[in-house]
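In: sequence plus predicted model, see below.
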Amino acid sequence: MKHLRLLLLVLTLSTSGISFAQKAHKVVFQFTNANDTMQQKAFTRQLQNLTEHWPKAKIEVVCYNNGIEYLLSAKSKHINAINELNKKGVQFMACQNTMNQRNIKPEDLLPIAVIVPAGIAEIVEKEEKGWSYIKGGF
């Protein structure tokens, strides 16, 4: 009888959706103020800290408005760190709407940047899929 109760408990837990495995963290960051080099520095450190704490987390950074400068080869102050973060799996997105408004060409971006049609829409879609949203910087 004791073994039967234990078996029922195990079956109940395994079918109830309770998981003892580590949660797969998914975080989408909004970054909109990269023309401030202190913002770039603080944001880069935030990403480094998070990738150290959760090395297997899915992390996406959506840059639009002034945040697009974080991904511009000629203006970003943290290119080496961004490339290292990308090697750890951090994805960097550039907003096509911002690029159009500022006449930015794809070749002006760091090679690791992925262009998305609309930065805000990208964030909303990630949130709808269960991603956590964080505003990057300070």
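Out: Everything's here; your move. Numbers count the residues shown, from 1 in each chain.

In: wait, residue 29 touches residue 60, no?
Out: Yes: using Cβ atoms under 8 Å, residue 29 makes contact with residue 60 at a distance of 7.0 Å. All C-beta atoms are positioned from the backbone trio N, CA, C, and that covers glycine.

In: more neighbours: which of those two?
Out: More neighbours surround residue 29 than the other of residue 29 and residue 60, with 26 against 19 (other Cβ atoms under 10 Å).

In: tally of neighbours for residue 75?
Out: Residue 75 has 15 neighbours, counted by other Cβ under 10 Å.

In: give the helix, strand or coil label for the closest residue to it other than its chain neighbours.
Out: Of all residues not flanking residue 75 in the chain, residue 69 sits nearest, at 4.5 Å (Cβ to Cβ, 6 or more residues apart in numbering). Following DSSP: H, G, I helix; E, B strand; the rest coil, residue 69 is assigned to helix.

In: pLDDT wise, what is residue 69 at?
Out: On pLDDT, residue 69 comes in at 94.

In: SS state for residue 85?
Out: helix.

In: that one touches residue 51, doesn't it?
Out: Yes: between residue 85 and residue 51 there is a contact at 6.4 Å, judged by Cβ under 8 Å.

In: higher neighbour count, those two?
Out: Using other Cβ under 10 Å, the more surrounded residue of residue 85 and residue 51 is residue 85, with 21 against 18.
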